[in-house]
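K.L.:
Test case, fold it:
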Amino acid sequence: MLEKKADLYLETHILTTPKPKLLLMLLEKIITLCDESVNYIEQTDYENLNNKLQQAQNILLELYTALDEKMDEKISKNLKSLYLFSFRELVIANLEKDAQKIESVKKIISIIYDGFKKRLEKENRNTKKVEEWKLDVKQ
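P.N.:
Numbering: from 1, shown residues only. Take a look at the predicted model:
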């Protein structure tokens, strides 16, 4: 019963979260999964390693397929390449138990995360300025 309520809460949270914030959450999750995976390699816990890397791979596939084609074509193409490359690297890392490949994916995803976060913050500042300007005009 409690598990169903938690699942319902999570589903509602995901459905009501704005897309840019959801994107950041997914990228954060990949980074966390990469950190956990490196720890599992060090612990030689290959079952959990496999589970975490598969979760990260699934998120990468979702990000790949969910890319907005209306977005700038160059950016979209580059992101698709990075997501696909990262996916492949995680598959190889899983097979070879290679922490360096996982770290390289983490670095790529962190750069993407930082870029989107800065863009989102800039958009939010610009929106706030417009809202403040509208308030000043009304007074």
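
K.L.:
switch to C-alpha atoms for all contacts and neighbour counts from now on
P.N.:
Noted.

K.L.:
Just want the most central residue of this protein.
P.N.:
For the chain, the residue sitting closest to the mean C-alpha position, by Cα atoms, centre = their mean, is residue 27 at 1.5 Å.

K.L.:
where exactly do the strands run in this protein?
P.N.:
Taking DSSP state E to define them, one finds no strands in the chain.

K.L.:
Where does the prediction get shaky in it?
P.N.:
For the chain, applying pLDDT under 70 flags the ranges 1-17, 126-139.

K.L.:
Could you pull out the helices in it for me?
P.N.:
Ranges of helices in the chain, per DSSP state H, are 2-16, 19-42, 46-66, 73-96, 99-138.

K.L.:
coming back round to it: what about the residue nearest to the centre of the chain, distance to residue 110?
P.N.:
Note on residue 27: its distance to residue 110, by Cα to Cα, to the nearest Å, is 8 Å.

K.L.:
before we move on, what about residue 44?
P.N.:
If you go by Cα to Cα, the gap between residue 44 and residue 110 works out to 25 Å.

K.L.:
For the two, indicate the residue with more neighbours.
P.N.:
residue 110 (16 against 12; other Cα atoms under 10 Å).

K.L.:
which residue packs closest to the more buried one, ignoring adjacent ones?
P.N.:
Leaving out its chain neighbours, the residue that sits closest to residue 110 by Cα to Cα, 6 or more residues apart in numbering is residue 31, at 7.0 Å.

K.L.:
and the end-to-end length of stretch 89-106?
P.N.:
With Cα to Cα as the measure, what separates the two termini of stretch 89-106 is 11 Å.

K.L.:
buried sites along that stretch?
P.N.:
89-91, 93-94, 97-99, 101-103, 105-106 (16 or more other Cα atoms under 10 Å).

K.L.:
go on, stretch 67-76?
P.N.:
Quick answer for stretch 67-76 (16+ other Cα under 10 Å): residue 76.
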